[in-house]
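In: Task: produce atomic coordinates for the following.
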Amino acid sequence: MSLTNEENFSLTHVGPGTPCGTLMRRYWHPVGFTAELKGKPIRRRLLGEDLVLFRDENGKLGLIGARCPHRGTSLHLGYLEDGGLRCCYHGWLFDTTGRCLEQPTEPAEANFKDKVRVPAYKVEEIAGVIFAYMGPEPAPLCPRYDVLVREDGQRSLQGRIVNCNFLQMVENTVDQHHFKWLHRTPNTKKWTDTVLGSEYFEYGIRDTFARTGGGERYQTVSYFIMPTMNKTGYHVPDEHPCGMAANHPGFEALRWRVPSDDTHTIHFTVYFTPLVNGKPMGKIPPDGAAKGLLESTPGEYRYDEEGNLARGDQDRAAQESQGIICDRTIEHLGVSDKGVIMLRKMYKDNMDAIAAGKDPIGTIRDAAKNKMVEIAPGEYKIG
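Out: Here you go, the predicted model:
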C-alpha cells in the first residue's frame with residue numbers, strides 16, 4: 001500500500017499551516033539542553049522556524065524568533081544584557097516574551113518599541129532538557145516521562161542532527177523486523193519463528209517482537225509515543241527486579257525525532273539506568289549535553305573492522321539513504337509493515353481530530369496524571 005503524493009506531503013511537511021505542522025504544534029518538543037546555554041544565545045531551527053534559545057541575566061529562559069524585526073539580523077549574534085537579548089546590529093532589546101524593551105536610536109515619545117514584537121514560545125526545563133511548545137493556547141502540560149523525573153538513577157543526554165525528513169526516522173521505531181537485519185550479529189541471523197505485533201495504546205503504539213534463539217524464546221516490547229518518540233530498553237520497577245532476559249543491560253532510552261524542518265531532524269536521547277546499592281545497574285553512554293547538537297554529514301558513516309556499518313550509524317545510514325524526503329508513492333508494503341501502516345493512520349486520524357476541534361492522542365491536561373508518565377519497555381523470556 002503506497003501513498004499518493006498528496007498524502008506523503010501532508011505527513012512530511014511541518015511548516016506553519018501544513019497538516020503535519022499543525023499536529024506537531026500541539027505537542028511539547030525538546031529544543032536543547034540546559035548545559036548548552038553557556039552565557040550566549042544559541043540558534044535552533046524547529047518545525048521550519050528559525051529561533052534563538054537563551055537565558056537572560058535573571059535566569060529566565062526564552063525561545064524567540066531569530067530575526068530582529070528591524071533589519072533582519074540574527075539575534076543569536078546578540079548580547080545578553082539589560083534584562084533581555086540585544087541585537088548586535090542596532091541595539092534593539094527583546095525580552096523572553098518577545099516584547100521590545102528598547103530601541104536606542106528611536107525617539108522615546110514615539111513609543112515605536114511598543115508596536116514591535118518577535119515570535120516567542122513557551123519553554124520548560126526537565127532533567128536538563130529544554131522543551132518548547134509552539135501551538136495554540138491553552139497549552140497542554142509538558143509530559144513528565146519517568147526517565148525524566150525518576151530520582152533513583154543516572155541519566156545521560158545526547159543530541160545530533162540527521163539529514164533527512166523526520167518521518168522516516170519515526171517509522172523506524174515501529175519497524176520491528178529491521179532489527180534482525182540492519183543491526184544483525186552472528187546471533188540475530190539465527191533467530192527463527194519471528195512474530196511481530198503492533199497495537200494502539202494510550203500514547204501511541206505498543207510493538208512486540210517475539211523470536212527463538214539459542215534454544216530460548218524471547219519477546220521484546222517497545223513503544224512509539226506520539227508524536228515523534230520511542231521508548232526502548234529494559235524497564236526495572238523497584239518491586240520487579242527479575243523476569244528480564246539474563247543479558248539485559250539494565251537501562252532505558254527515550255528518544256525524540258524532532259522535525260527541524262522538512263529535510264532535517266534533531267535526534268534527542270535521554271538514557272536512564274537505576275542505581276542498585278549506589279551503583280548503576282547498566283552502562284549508559286557518556287553525557288553529551290554540553291556539546292549540544294552534533295552535526296552529521298550524509299554518506300559519511302562509521303564502519304566496523306569487518307567493513308559493515310557501525311552500530312551507532314546503522315539507522316541513520318538506512319534512513320538517509322531513503323532520500324531527503326522518502327518517496328512513499330513507490331513503496332511495496334507487506335505484512336511485516338503493519339506498524340508503519342498503523343502509524344501513518346494515527347497521524348492522519350489525529351490531524352482530523354485537530355480539524356474537528358479535539359486534542360490529539362497523548363495530550364495531558366490533568367496535573368495528577370502528569371506526576372510521572374510511566375511507559376515500560378523490556379525483553380522477556382516467554383514460553
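
In: Spell out the secondary structure type for residue 361.
Out: Here residue 361 is recorded as coil under DSSP: H, G, I helix; E, B strand; the rest coil.

In: do the same with residue 348
Out: At residue 348 the chain is in helix, as set by three-state DSSP.

In: who's in contact with the spatially closest residue to residue 36 that is not a sequence neighbour?
Out: The shortest distance from residue 36 to any non-neighbouring residue, by C-beta to C-beta, 6 or more residues apart in numbering, is to residue 292 (4.5 Å). Where you see a C-beta, it was placed from the backbone N, CA and C, and this is true even at glycine. By C-beta atoms under 8 Å, 6 or more residues apart in numbering, residue 292 lies in contact with 32, 33, 36, 42, 159.

In: make it 7 Å
Out: For residue 292, the contact set (C-beta atoms under 7 Å, 6 or more residues apart in numbering) comprises 33, 36, 159.

In: If you rank those by neighbours, which is first?
Out: residue 33 (25 neighbours; other C-beta atoms under 10 Å).

In: got the phi/psi numbers for the closest residue to it other than its chain neighbours?
Out: Excluding the flanking residues, the one nearest residue 33 by C-beta to C-beta, 6+ apart is residue 289, at 3.8 Å. The phi/psi pair for residue 289 (degrees, to the nearest 10) reads phi -60, psi -40.

In: got a list of what residue 289 touches?
Out: Counting by C-beta under 7 Å, 6+ apart, the residues that residue 289 touches are 33, 35, 36, 128, 157.

In: Tell me the one of these nearest residue 259?
Out: The closest of the contacts of residue 289 to residue 259 turns out to be residue 33 (C-beta to C-beta; 18.3 Å).

In: hey, what's the closest one bridged with?
Out: residue 129 (DSSP bridges).

In: Might one say that it is in contact with residue 131?
Out: No. Applying C-beta atoms under 7 Å, one finds residue 33 not in contact with residue 131, separated by 10.9 Å.

In: need the helices for this protein, in chain order.
Out: In the chain, the helices defined using DSSP state H lie at 5-12, 19-24, 146-149, 166-173, 178-182, 311-320, 338-355.

In: residues making contact with the third one?
Out: With C-beta under 7 Å, 6+ apart as the contact definition, helix 146-149 has outside contacts at 126, 127, 129, 155, 252, 254, 270, 272, 372, 373, 374.

In: Now do the same for the nearest residue to residue 199 once chain neighbours are set aside: its pLDDT.
Out: Closest residue to residue 199 apart from its sequence neighbours, by C-beta to C-beta, 6+ apart: residue 206 at 5.3 Å. Looking at residue 206, its pLDDT is 98.

In: Residue 206 and residue 174, how far apart?
Out: Taking C-beta to C-beta, to the nearest Å as the measure, residue 206 falls 10 Å from residue 174.

In: what do you get for residue 59?
Out: Counting by C-beta to C-beta, the separation of residue 59 from residue 174 is 40 Å.

In: Kindly state the beta-bridge partners for the closest residue to residue 275 other than its chain neighbours.
Out: Nearest non-adjacent residue to residue 275, counting by C-beta to C-beta, 6+ apart: residue 153, 5.3 Å away. Counting by DSSP bridges, residue 153 forms beta bridges with residue 274.

In: Residue 153: how many residues sit nearby?
Out: Residue 153 has 20 neighbours, counted by other C-beta under 10 Å.

In: returning to what we had before: burial of the residue nearest to residue 199, as a residue count?
Out: The tally of other residues near residue 206 (other C-beta under 10 Å) stands at 21.

In: what stretches of the protein score poorly on pLDDT?
Out: 1, 235-249 (pLDDT under 70).

In: Just list the residues touching the residue positioned nearest the centre of it, thanks.
Out: Nearest to the mean C-alpha position of the chain, by C-alpha atoms, centre = their mean, lies residue 256 at 1.9 Å. Contact analysis of residue 256 by C-beta under 7 Å, 6+ apart lists 29, 30, 228, 229, 268.

In: ok, now how distant is the residue nearest to the first one when sequence neighbours are not counted from residue 135?
Out: In this case it means residue 29. Counting by C-beta to C-beta, 6+ apart, residue 29 lies nearest to residue 258, which is 4.8 Å off, once chain neighbours are set aside. Residue 258 is 14 Å from residue 135, where distance means C-beta to C-beta.

In: again, but for residue 113
Out: Applying C-beta to C-beta to residue 113 and residue 135 gives a distance of 27 Å.

In: hang on, the earlier thing: Throw the contacts of residue 289 into TSV and include distance to residue 2, thanks.
Out: Formatted as TSV, these follow (distance: C-beta to C-beta, whole Å):
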residue	distance to residue 2
33	39
35	43
36	40
128	41
157	37
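
In: How many residues are close by residue 229?
Out: Quick note: residue 229 (other C-beta under 10 Å) scores 25 neighbours.

In: what's across from the nearest residue to it once chain neighbours are set aside in the sheet?
Out: Using C-beta to C-beta, 6+ apart and skipping residues adjacent in sequence, the residue nearest residue 229 is residue 256, 5.2 Å away. On the basis of DSSP bridges, residue 256 is bridged to residue 229, residue 268.
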